[in-house]
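Novice: Below are the sequence and a predicted model; questions follow.
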Amino acid sequence: DVFGSTLDDPLSQCYKKLGCSINRVVEDSEDYKMILKYLEKTYEPVKVGDVVYSATVERIYAVESSALPSYDEIKKLPNKVLLWCGTRSSNLLRHLRDGFVPAVCHIPVPGYMFGKAIVCSDAAAEAALYGFTAVDRPEGYLVLAVASLGKEIQEITGTPGSEDVKRMEEKKMGVKGVGRKTTDPSEHFTWRDGVTVPCGKLVPSTNKDGPLEYNEYAVYDPKQVSIAFLVGVKYEEQNMEVVPDE
């Protein structure tokens, strides 16, 4: 446990109030190697403002939260996928205590174009854009969550209309927004308990004119998403030019 058996420590008291267990994943474990591979395969330098950043893994934590649902509940559900979620470090405590809740935004932009949904990605590069902190605070966290996409998954290639969004919200559908880049499906594999890890090199998709750069997955029921890992990363400025999509 990250705080061990410390007593009368203010940080320890705050940790207890989170109602979750956070444990360091050792570097020679299969989980650590899997996560490192997943990040390296699905990350590419991201541009924030005029600066390009890489991200390197510094530490990984396994999370068991008392917030619903538990992993034992999630593993009974169909179409389970391990996905990246980007969030500001300032929001992490809330997510660890309460779990993920659907985003509320009425503007059809990437990250919010699915309405009141929990949105994740199979690309670490996508999550890194949301998890970036600041130039003078290069450390951040990416979240890996197990999401059940339900019995049927709807794929969309464009921006859904308001009626489509309303229908997806009401039916609590599992939705995959196909990006201009996708992970190579030939490299995907199954982790424990039938969880799919869409780990593969980022390659151009057939949806070259879509609004999303990377695949995004929308889940409308918080009971279908459970945080599994926190991945501590360090963003480092790169002296390179990002080639725009053709």
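Specialist: Happy to help now that I have it. Numbering: from 1, shown residues only.

Novice: tell me the mean pLDDT over the longest helix seen in the chain?
Specialist: If you go by DSSP state H, the chain has its longest helix at helix 30-42. For helix 30-42, mean pLDDT rounds to 97.

Novice: now that helix, how far from the chain's geometric center?
Specialist: Distance of helix 30-42 from the chain centroid (C-alpha atoms, centre = their mean, to the nearest Å) equals 13 Å.

Novice: Enumerate the positions of stretch 40-58 that are buried.
Specialist: 41-46, 52-55, 57 (16 or more other C-beta atoms under 10 Å). Bear in mind the C-beta positions are built from the backbone N, C-alpha and C, glycine included.

Novice: and which of those residues is nearest to K201?
Specialist: Top of the list for closeness to K201, among the buried residues of stretch 40-58 and by C-beta to C-beta, is K41 at 5.8 Å.

Novice: on that earlier part again, and the longest helix of the chain, what does it pack onto?
Specialist: Contact analysis of helix 30-42 by 3 or more C-beta pairs under 8 Å, 6 or more residues apart in numbering; DSSP states H and E lists strand 51-65, helix 124-131, strand 139-148, strand 225-238 as its packing neighbours.

Novice: Quick one: work out the angle between it and strand 225-238.
Specialist: Helix 30-42 runs at 60 degrees relative to strand 225-238, counting by axes from the mean of the first three to the mean of the last three C-alpha atoms, to 10 degrees.

Novice: okay, now V231: neighbour count?
Specialist: 25 (other C-beta atoms under 10 Å).

Novice: for stretch 200-220, what is the average pLDDT?
Specialist: Over the span of stretch 200-220, the pLDDT mean works out to 95.

Novice: May I have it as CSV, with CA atoms only?
Specialist: Written as CSV, here are the backbone C-alpha positions of stretch 200-220 (Å, rounded to 0.1, in the frame of the first residue of the first chain):
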residue,chain,number,x,y,z
GLY,A,200,-1.4,-2.0,-31.5
LYS,A,201,0.6,0.4,-33.6
LEU,A,202,-1.3,3.5,-34.6
VAL,A,203,-2.2,3.2,-38.3
PRO,A,204,-4.4,5.2,-40.6
SER,A,205,-8.1,4.1,-40.6
THR,A,206,-10.5,4.1,-43.5
ASN,A,207,-12.3,7.0,-41.8
LYS,A,208,-9.8,9.6,-43.0
ASP,A,209,-12.2,12.5,-43.0
GLY,A,210,-13.7,11.8,-39.5
PRO,A,211,-13.8,14.4,-36.8
LEU,A,212,-11.8,12.3,-34.3
GLU,A,213,-8.0,11.9,-34.6
TYR,A,214,-8.1,8.7,-32.5
ASN,A,215,-10.8,6.1,-31.6
GLU,A,216,-13.0,7.2,-28.7
TYR,A,217,-15.4,5.0,-26.8
ALA,A,218,-18.5,6.3,-25.0
VAL,A,219,-20.2,4.6,-22.1
TYR,A,220,-23.3,6.1,-20.6
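
Novice: for that stretch, the distance to its chain's centre please.
Specialist: From the chain centre to the centre of stretch 200-220 is a distance of 14 Å (C-alpha atoms, centre = their mean).

Novice: and what of stretch 13-25?
Specialist: With C-alpha atoms, centre = their mean as the basis, stretch 13-25 stands 20 Å off its chain's centre.

Novice: And the average pLDDT for it is what?
Specialist: Taken as a whole, stretch 13-25 carries a mean pLDDT of 83.

Novice: Give me the contact list for stretch 22-31.
Specialist: 1-2, 15, 32, 35, 59-63, 96, 229-230 (C-beta atoms under 8 Å, 6 or more residues apart in numbering).

Novice: got the end-to-end distance for it?
Specialist: Chord length of stretch 22-31, first to last residue, is 15 Å (C-alpha to C-alpha, to the nearest Å).

Novice: Give the buried residues for stretch 79-93.
Specialist: Judged by neighbour count using 16+ other C-beta under 10 Å, the buried positions of stretch 79-93 are 79-87, 92.
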